[in-house]
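**Student:** Sharing a model that was predicted from the sequence below.
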Amino acid sequence: DIQMTQSPSFLSASLGNSITITCHASQNIKGWLAWYQQKSGNAPELLIYKASSLQSGVPSRFSGSGSGTDYILTISNLQPEDIATYYCQHYQSFPLTFGSGTKLEIK
Amino acid sequence: EVQLVESGGGLVQPGRSLKLSCVASGFTFSNYGMNWIRQAPGKGLEWVAYISSGSSYIYYAETVKGRFTISRDNAKNTLYLQMTSLRSEDTALYYCARHLGAGGFDYWGQGVMVTVSS
């Protein structure tokens, strides 16, 4: 099974700043990676798929990059509504697995 | 508008069974693979099971293999999860989610709570 190691677990940043979240796969997942945002009390929402493709309706402040085993989610110009927990997830093969999540706080 | 609505959750004793349902609307259900994903209280996301559009391909997480069965009725636009031999560690909010063709889960339900406790 492919393990996803996500870091950091917790992140505090100021409005208007940029942040990055990283995800490392235990083997090459060939770009088959998605990022999700989960706000408190809500279901997760898809932000990015295929490592760098922005899901329809997602602000362009969100971007994804990476290849092979290492991937990055970048949020630029942080907004108050970005307070959430973020998860990566691979879909290179079954079983599908998620990273452990990154909780983002706005300073 | 795409909607996924789960039901069937509740409080159940260890060792008992429960069947979840997810009714889909706003899209052609029979064209999409579907998944169940769960989230234990205060914890992260765990993928549980996948079923392809025509039920030809089915996969499970090791933690539920042999105890849970995913199925679907395309005529009723409904996804199911039959859960047997339930354990306390199965306590979670269960989401159904649509499988995006290019990967990932693009639509999620609001979830249904399953609590396994004596």
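**Tutor:** Yep, that arrived. Numbers count the residues shown, from 1 in each chain, chains lettered A, B, ... in the order given.
**Student:** so what's residue B:86 up against?
**Tutor:** Neighbour list for residue B:86: B:12-18, B:67, B:114, B:116 [criterion: CB atoms under 8 Å, 6 or more residues apart in numbering or on different chains]. Backbone N, C-alpha and C define where each C-beta goes, glycine included.
**Student:** ugh, wrong one, residue A:2
**Tutor:** Residues near residue A:2 by CB under 8 Å, 6+ apart: A:25-27, A:29, A:90, A:92-93, A:97.
**Student:** between those, which has the most around it?
**Tutor:** Using other CB atoms under 10 Å in any protein chain shown as the neighbour test, the contacts of residue A:2 are led by residue A:90, with 29 neighbours.
**Student:** now that one, nearest residue through space, not along the chain?
**Tutor:** Using CB to CB, 6 or more residues apart in numbering or on different chains and skipping the chain neighbours, the partner closest in space to residue A:90 is residue A:29 (4.6 Å).
**Student:** Might you report the residue contacts of that neighbour?
**Tutor:** Residues counted as contacts of residue A:29 (CB under 8 Å, 6+ apart) are A:2, A:68-69, A:90, A:92.
**Student:** Same question for residue A:82.
**Tutor:** A:37, A:61, A:75, A:104, A:106.
**Student:** which bits of chain A sit near chain B?
**Tutor:** Counting by CB under 8 Å from any CB of the partner chain, chain A comes close to chain B at A:1, A:32-34, A:36, A:38, A:42-46, A:49-50, A:53, A:55, A:87, A:89, A:91, A:94-101.
**Student:** so which residue of chain B comes closest to chain A?
**Tutor:** residue B:104 (3.4 Å; CB to the nearest CB).
**Student:** Just the pLDDT at the residue nearest to residue A:90, thanks.
**Tutor:** Residue A:29 is assigned 96 on the pLDDT scale.
**Student:** Would you verify that it is located in a strand?
**Tutor:** No. Using DSSP: H, G, I helix; E, B strand; the rest coil, the secondary structure at residue A:29 is coil, not a strand.
**Student:** any idea how far residue A:4 is from it?
**Tutor:** According to CB to CB, to the nearest Å, residue A:29 and residue A:4 sit 9 Å apart.
**Student:** shared neighbours, these two?
**Tutor:** Here residue A:29 and residue A:4 have residue A:90 as joint contacts, going by CB under 8 Å, 6+ apart.
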